[in-house]
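Engineer: Sequence and predicted model, in that order:
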Amino acid sequence: MAKKIVKLLKMQIPGGKAVPGQQLGPVLGGAGINIGEFVKRFNEETKTRVGETVPTIVEVYDDRTYKMIYKTEPASSLILKAMGKDKGSGKPNTAKIGTITKAQVKQIAEKKMVDLNANTIEAAMKIIEGSARSMGVDVK
C-alpha cells in the first residue's frame, strides 16, 4: 500500500548551502523531519547547483519519511543572471532595468521547459517574456 502524504512543504533554498537555522528549523521541525539529516542530504544532492536558488518540494509521509523533489531555478533568477543584474525594477511599467534578446529568452525557456505549463517552446518563451516584462525588462 502506498504511503499517505501528511504534509507538502514548498521551499526555496540556496543550492548546496542549506543551514539548520531560522528558515528551515521551524518548517521542518513542525513537519517532524530531522533537521540535521535533511540539511546534510539536501546539501549533498544539490552540491552541483551552488549559487542557484533551488525550489524544493518536500512530501512528508505518515511514517515521518520524506521525499524531496527539486525544480529548476526560478525564471526571475535566470532572467537577472542573463542580464547581470541583482534585482528587478520597482516600477516595471515606467522604469526599465535593461533588455534581453529573444535568443536569451529561448535559452531560459528551454531550461525551464520541464517545470512550465507549456507544450511548445514558443509558449514557454511567452511565459518567460511575461516574467521579464513584470520585472521591468524589455525583450528585443
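Structural biologist: Everything's here; your move.

Engineer: Residue for residue, what is the longest helix this structure has?
Structural biologist: helix 121-134 (DSSP state H).

Engineer: Can you pull out the low-pLDDT segments for this protein?
Structural biologist: Applying pLDDT under 70 to the chain flags residues 1.

Engineer: Just the helices from it, written as ranges.
Structural biologist: Under the criterion DSSP H, the chain contains helices at 25-30, 35-45, 75-83, 102-112, 121-134.

Engineer: Out of these, flag the one nearest residue 14.
Structural biologist: Relative to residue 14, the nearest member of these by Cβ to Cβ is helix 35-45, separated by 9.8 Å. Where you see a C-beta, it was placed from the backbone N, CA and C, and this is true even at glycine.

Engineer: could you say what helices and strands the longest helix of the chain packs with?
Structural biologist: Judged by 3 or more Cβ pairs under 8 Å, 6 or more residues apart in numbering; DSSP states H and E, the packing partners of helix 121-134 are helix 75-83, helix 102-112, strand 137-139.

Engineer: Buried ones in that helix, by neighbour count?
Structural biologist: By 16 or more other Cβ atoms under 10 Å, the buried positions in helix 121-134 come out as 124, 125, 127, 128, 129, 131, 132.

Engineer: any chance of these in JSON lines, plus distance to residue 41?
Structural biologist: Converted to JSON lines, the buried residues of helix 121-134 look like this (distance: Cβ to Cβ, whole Å):
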{"residue": "124", "distance to residue 41": "31"}
{"residue": "125", "distance to residue 41": "35"}
{"residue": "127", "distance to residue 41": "31"}
{"residue": "128", "distance to residue 41": "31"}
{"residue": "129", "distance to residue 41": "36"}
{"residue": "131", "distance to residue 41": "31"}
{"residue": "132", "distance to residue 41": "34"}
